[in-house]
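Colleague: Got a predicted structure here, sequence first:
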Amino acid sequence: MKVQEKAVPTPAENLMNNASAAKRLVEILGIDTEPVAVFLLGPESPPPAAPFKKVTGHRYCQLLMSARHDESVLLDPSELACPAAAAAFGFRPLPEGLATGKGLVGFGIVEDPDTGRRMFEGMPHLEPGRVTLIAAAPLSAVNAVPDVIVVEGPPEALMWLTLADLNVAGGERRRGDTAVLQATCVDATIIPFLEQRLNFSLGCYGCREATDLGPHESVLGFPGARLGPMIAALESLAKKAVGRSRAKAVLENHKKKENSHE
């Protein structure tokens with residue numbers, strides 16, 4: 001018996017799905033801003049159909065910040081202001097000061113330049129020419145499957161998203177890969193893109209200095225193709241686990257017992 005293939009969604013259907021998914025992510029996770037859809041476009045890739053505007057002199061983390069606050073933006077290699085991110089995306093070689101680790105000593109991030117050198121040597125990166133333009137937008141604003149979806153928010157909210165991903169993976173342990181450096185460009189974008197998996201990070205010096213990412217917030221990214229299964233898993237978690245955990249009934253019972261002994 002031949003299995004009937006699912007019809008490919010039309011652009012309008014994709015937009016509706018993305019808008020619905022973005023709404024549910026915000027509602028279930030309780031985050032203040034919308035997840036960001038990221039497109040890593042090659043030489044032959046047209047930008048997704050949306051009113052994007054080109055920005056200049058932006059770091060990648062600032063591009064995400066703009067998209068997080070409802071802008072649809074494009075950044076080409078010459079306008080990526082962060083040299084570390086430019087190297088990670090394959091736009092420009094890493095400057096010698098960073099490659100030797102001495103730059104990180106200057107920032108006060110490490111004491112030993114060899115530590116900084118090793119951090120950059122282990123940096124996942126894209127081959128030069130693979131990406132020639134980066135587009136970022138609120139998830140609800142685009143009608144195509146993003147390469148990566150980046151979510152910034154409180155650790156508790158990101159925990160549920162990670163647990164949803166664990167359910168999609170059938171219980172396989174999730175892992176976070178970070179150098180506490182390049183949290184948005186490498187940890188939340190390039191690793192999910194290259195390895196096709198969710199990756200989470202605690203943030204880094206750069207994105208916390210250059211954006212409005214708060215001390216109570218962190219970041220993760222996952223492949224856009226996983227959005228449907230992730231939403232389904234989150235809906236299941238929202239039926240019982242999310243509300244029950246947030247109600248803190250076990251804590252309240254503990255407090256009552258402690259008070260009864262006073």
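Modeller: Done, it's in.

Colleague: pLDDT at the closest residue to A21 other than its chain neighbours, what is it?
Modeller: Leaving aside its sequence neighbours, A21 sits nearest to I231 (C-beta to C-beta, 6 or more residues apart in numbering; 5.1 Å). The way it works is simple: take the backbone N, C-alpha and C, and place the C-beta from them, glycine included. We have a pLDDT of 96 for I231.

Colleague: I231 reaches K23, doesn't it?
Modeller: No - at 10.1 Å, I231 and K23 do not qualify as touching, with contact defined as C-beta atoms under 8 Å.

Colleague: higher neighbour count, these two?
Modeller: Neighbour comparison, I231 and K23: the larger count goes to I231, with 18 against 13 (by other C-beta atoms under 10 Å).

Colleague: part of a helix, is the more buried one?
Modeller: Yes - checked against DSSP: H, G, I helix; E, B strand; the rest coil, I231 lies within a helix.

Colleague: show me what contacts it?
Modeller: 21, 24-25 (C-beta atoms under 8 Å, 6 or more residues apart in numbering).

Colleague: switch to 10 Å and redo it
Modeller: Contact analysis of I231 by C-beta atoms under 10 Å, 6 or more residues apart in numbering lists 17, 20-22, 24-25, 28, 164.

Colleague: Restricted to helices, list the residues you listed.
Modeller: Among the contacts of I231, the ones falling in helices (DSSP state H) are 17, 20-22, 24-25, 28, 164.

Colleague: Can you classify the nearest residue to K54 once chain neighbours are set aside by secondary structure?
Modeller: Nearest residue to K54 in three dimensions, chain neighbours excluded: L74, at 4.7 Å (C-beta to C-beta, 6+ apart). Here L74 takes the strand state, with states given by three-state DSSP.
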